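Engineer: Please find the sequence and the predicted model below.
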Amino acid sequence: MIIYTHNDCLKKFNGHAHPEKKERLESIINSIKSSNLKVKFKEAPLADLETISLVHPKQHIEQIFSNIPQEGIIGVEKEPYADTMLCPNSKNAILRSCGAGIAAATDLMEKNERIFCAVRPPGHHAETIRANGFCFINNVAVTARYLQKKYKIKKVAIIDFDVHHGNGTQEIFFKDQSVAYGSSHEFPLFPGTGAEDETGVGNIFNATLKAGTTSKEFISIFDQKVLKAIDKFKPEIILISAGFDAHKRDPLANISLESDDFFKITKNIVDIANTHSKGRVISFLEGGYDLQALSESIIEHLNALKPHI
């Protein structure tokens with residue numbers, strides 16, 4: 001298994017009290033390195049604007065980059081709600097996070113490798129022309145479009161188990177039958193989207209979760225409302241938006257998963273990939289804001305993701 005990451009992703013600074021901090025990524029990398037997982041670390045390249053423009057207009061991305069301050073931090077949203085921050089080191093972190101998925105697509109298709117993209121900033125809240133929710137470029141969406149364009153993949157499934165709905169991913173693919181998007185998320189909760197009657201053109205599958213949802217309830221709902229639909233869709237490739245903030249320790253949500261639940265959740269996704277997608281999976285780090293929960297859950301996720309001989 002390959003892990004794409006880059007030191008540039010550690011340099012993005014959102015403010016001392018901000019939950020999306022470099023320590024998230026450090027805890028994940030340290031956890032992987034101290035485990036007995038057999039992985040190969042590779043440096044994420046910089047994504048190019050041409051590929052990013054498969055999803056986001058160049059002018060929009062250039063506008064984001066033009067707002068990067070020479071010192072300090074600024075928010076892209078209007079005050080007092082600014083929490084998607086730009087700092088002097090933002091550009092390369094954003095481009096590496098997207099570039100990881102693009103490079104992963106090549107490894108997936110040409111070397112038949114499974115990949116986890118250990119990157120930040122995350123991506124699933126980024127809409128076509130709106131950065132929000134700590135996200136600037138929708139990494140998973142750009143990878144999906146790249147796979148479709150370069151490798152002529154006709155059917156891509158994106159499965160999102162982050163505790164927050166991926167409003168960006170849904171918005172980008174809302175009227176696209178070639179991409180299925182299935183999401184489980186606490187509802188109501190930021191960003192406020194993801195009601196179960198938001199179905200796109202029959203390609204959007206939202207599973208809403210009440211605060212306090214337990215492991216058993218989560219897995220049952222996830223299987224019935226997300227995985228059954230993706231199984232029926234029969235994707236050629238599965239991309240995962242892997243957020244670990246449905247963990248009971250997470251400070252930004254109220255779902256009660258244990259660390260080892262992420263093994264079961266991931267294994268059920270891999271089973272579908274093995275059935276329909278030649279086992280082809282790329283996973284992207286999204287949310288997860290408790291360092292202990294992240295350290296434990298990522299190992300469970302990767303253990304389920306790795307090929308079992």
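Structural biologist: On my side now, so go ahead.

Engineer: so how far is the strand ranked longest in the chain from its chain's centroid?
Structural biologist: Assignment by DSSP state E gives strand 179-186 as the longest strand of the chain. Its chain's C-alpha centre and that of strand 179-186 lie 11 Å apart, by CA atoms, centre = their mean, to the nearest Å.

Engineer: quick one: strands adjacent to that strand?
Structural biologist: Paired strands of strand 179-186, with direction, are strand 156-160 (parallel), strand 204-209 (parallel) (DSSP bridges).

Engineer: Of these, flag the one that's most buried.
Structural biologist: strand 156-160 (a mean of 28; mean count of other CB atoms under 10 Å). C-beta coordinates here come from the backbone N, C-alpha and C atoms, glycine included.

Engineer: Which is the succeeding secondary structure element to that strand?
Structural biologist: Downstream of strand 156-160, the next assigned helix or strand under DSSP states H and E is helix 167-173.

Engineer: helices or strands next to that next one in the packing?
Structural biologist: If contacts are counted by 3 or more CB pairs under 8 Å, 6 or more residues apart in numbering; DSSP states H and E, helix 167-173 sits against helix 139-151, strand 156-160, strand 179-186, strand 204-209.

Engineer: And the ones you listed: which comes nearest Glu110?
Structural biologist: Proximity to Glu110 (CB to CB) singles out helix 139-151 among the helices and strands packed on helix 167-173, at 9.1 Å.

Engineer: which residue ends up closest to the midpoint of the chain in space?
Structural biologist: With distances taken as CA atoms, centre = their mean, Ser241 lies nearest the centre of the chain, 3.0 Å away.

Engineer: Any buried residues in the one helix or strand that residue maps to, and which?
Structural biologist: Assigned by DSSP H and E, Ser241 belongs to strand 237-242. The neighbour-count check on strand 237-242 (16 or more other CB atoms under 10 Å) flags Ile237, Ile238, Leu239, Ile240, Ser241, Ala242 as buried.

Engineer: Likewise for stretch 251-269?
Structural biologist: Using 16+ other CB under 10 Å as the test for burial, stretch 251-269 gives 252-253, 255-259, 261-266, 268-269.

Engineer: do the same with stretch 75-87
Structural biologist: Counting neighbours by 16+ other CB under 10 Å, one finds that the buried residues in stretch 75-87 are Gly75, Val76, Asp83, Thr84, Met85, Leu86, Cys87.

Engineer: Just name the closest of those residues to Asp8, please.
Structural biologist: Cys87 (12.0 Å).

Engineer: ok, the closest one to Asn14 distance?
Structural biologist: Distance, Cys87 to Asn14, using CB to CB, to the nearest Å: 7 Å.

Engineer: do the same with Thr199
Structural biologist: Using CB to CB, Thr199 is found at 34 Å from Asn14.

Engineer: Which one's more surrounded, these two?
Structural biologist: In terms of neighbours (other CB atoms under 10 Å), Asn14 is the more surrounded of Thr199 and Asn14; the figures are 21 against 12.

Engineer: hey, what's in contact with both of Cys87 and Asn14?
Structural biologist: Shared contacts of Cys87 and Asn14 (CB atoms under 8 Å, 6 or more residues apart in numbering): Ile73.

Engineer: close enough to count as contact, the residue nearest to the centre of the chain and Asn138?
Structural biologist: No - under the criterion of CB atoms under 8 Å, Ser241 makes no contact with Asn138, lying 9.5 Å away.

Engineer: Quick check: neighbours shared by those two?
Structural biologist: The contact sets of Ser241 and Asn138 overlap at Gly123, His124, Thr169 (CB under 8 Å, 6+ apart).

Engineer: residues near the nearest residue to the first one once chain neighbours are set aside, how many?
Structural biologist: The reference is to Gly123. Among residues not flanking Gly123 along the chain, Asn139 sits closest, at 3.6 Å (CB to CB, 6 or more residues apart in numbering). By the criterion of other CB under 10 Å, Asn139 has 36 neighbours.

Engineer: distance of Asn139 from Gln70?
Structural biologist: Note on Asn139: its distance to Gln70, by CB to CB, is 26 Å.

Engineer: now, which of the buried residues of strand 237-242 sits nearest Phe174?
Structural biologist: Proximity of these to Phe174 was ranked by CB to CB; the top entry is Ser241 with 15.9 Å.

Engineer: Before I go, just wanted to say thanks for your time.
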